[in-house]
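Colleague: No sequence on hand, only this structure:
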């Protein structure tokens, strides 16, 4: 759990593409998690800054840090690192104070996986963040969006919408990922990895 006297903010970055054209695509799952968190926390008007939208929340849970920032980069996925780098530079944020929430087509639909670092795994938004921050040690929470069919390129697949039979699973995953973000704020990444990286074994987990 974070030190109660730690008044440094935490930063949650959801990855996606701006605009209604992309709103419900697989690539925008990170945006959907931020949307869910904003509803939970009663956040409304953001600031336009750092090439995106920034919501500033205070004391979102009783044992969380005093301040949490939600960043939705609008630089388009492949240039997400620009927004993240500018935000971190402005607030002098450390890498372990940031959590990137993103889609992953290497994970089964609805599966969550948190990691403190590593490669981008082919996710171009995360890849740009790692380059711009000059480090692979960037905490991330990945949400499985399923794999493309053999006949479809991955670049095209991530820009498709979820099928009707997939939407319930991804809705549960978005809600569970929102829980994971709150647990990260209150208890840290190791707690999240232990709780959410396991394989689903009941109806309570996507």
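Modeller: Cool, the structure landed. Everything numeric in this text was worked out from a predicted model, so none of it was measured.

Colleague: ok, now which ones touch the most centrally placed residue in the chain?
Modeller: For the chain, the residue nearest the mean C-alpha position is residue 101 (1.2 Å; CA atoms, centre = their mean). Applying CB atoms under 8 Å, 6 or more residues apart in numbering, one finds that residue 101 lies in contact with 12-15, 29-30, 33-34, 140-141, 143, 177, 181. (C-beta placed from N, C-alpha, C; glycine too.)

Colleague: cool, residue 180 as well?
Modeller: 112, 114, 141, 192, 195-196.

Colleague: got it, and residue 38?
Modeller: With contact set as CB under 8 Å, 6+ apart, residue 38 has these partners: 44, 55, 70.

Colleague: Residue 145 versus the first one, what's the distance?
Modeller: What that stands for is residue 44. Going from residue 44 to residue 145 by CB to CB, to the nearest Å gives 28 Å.

Colleague: the more surrounded of these two?
Modeller: residue 145 (28 against 6; other CB atoms under 10 Å).

Colleague: So which bits of the lengthiest helix in the chain are buried?
Modeller: Counting residues, the longest helix in the chain under DSSP state H turns out to be helix 164-187. The neighbour-count check on helix 164-187 (16 or more other CB atoms under 10 Å) flags 169-170, 172-174, 176-178, 180-187 as buried.

Colleague: swap in stretch 102-118?
Modeller: 102-105, 107, 109-115.

Colleague: for the chain, which spans come out with low pLDDT?
Modeller: Applying pLDDT under 70 to the chain flags residues 1-6, 59, 199-206.

Colleague: Would you confirm that residue 17 contacts residue 78?
Modeller: No. Under the criterion of CB atoms under 8 Å, residue 17 makes no contact with residue 78, lying 9.3 Å away.

Colleague: ok, those two, which is more surrounded?
Modeller: Higher neighbour count among residue 17 and residue 78: residue 17, with 21 against 11, using other CB under 10 Å.

Colleague: In JSON lines: the buried residues of stretch 102-118, plus distance to residue 62.
Modeller: Shown next, in JSON lines, are the buried residues of stretch 102-118 (distance: CB to CB, whole Å):
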{"residue": "102", "distance to residue 62": "28"}
{"residue": "103", "distance to residue 62": "31"}
{"residue": "104", "distance to residue 62": "31"}
{"residue": "105", "distance to residue 62": "36"}
{"residue": "107", "distance to residue 62": "31"}
{"residue": "109", "distance to residue 62": "33"}
{"residue": "110", "distance to residue 62": "29"}
{"residue": "111", "distance to residue 62": "29"}
{"residue": "112", "distance to residue 62": "24"}
{"residue": "113", "distance to residue 62": "27"}
{"residue": "114", "distance to residue 62": "22"}
{"residue": "115", "distance to residue 62": "27"}
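
Colleague: what ranges do the strands span in this structure?
Modeller: 10-14, 47-49, 52-58, 67-73, 98-104, 112-115, 140-144 (DSSP state E).

Colleague: In CSV: those, plus distance to residue 157.
Modeller: Below are the strands of the chain laid out as CSV (distance: least, CB to CB, whole Å):
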stretch, distance to residue 157
strand 10-14, 20
strand 47-49, 31
strand 52-58, 24
strand 67-73, 21
strand 98-104, 10
strand 112-115, 19
strand 140-144, 13
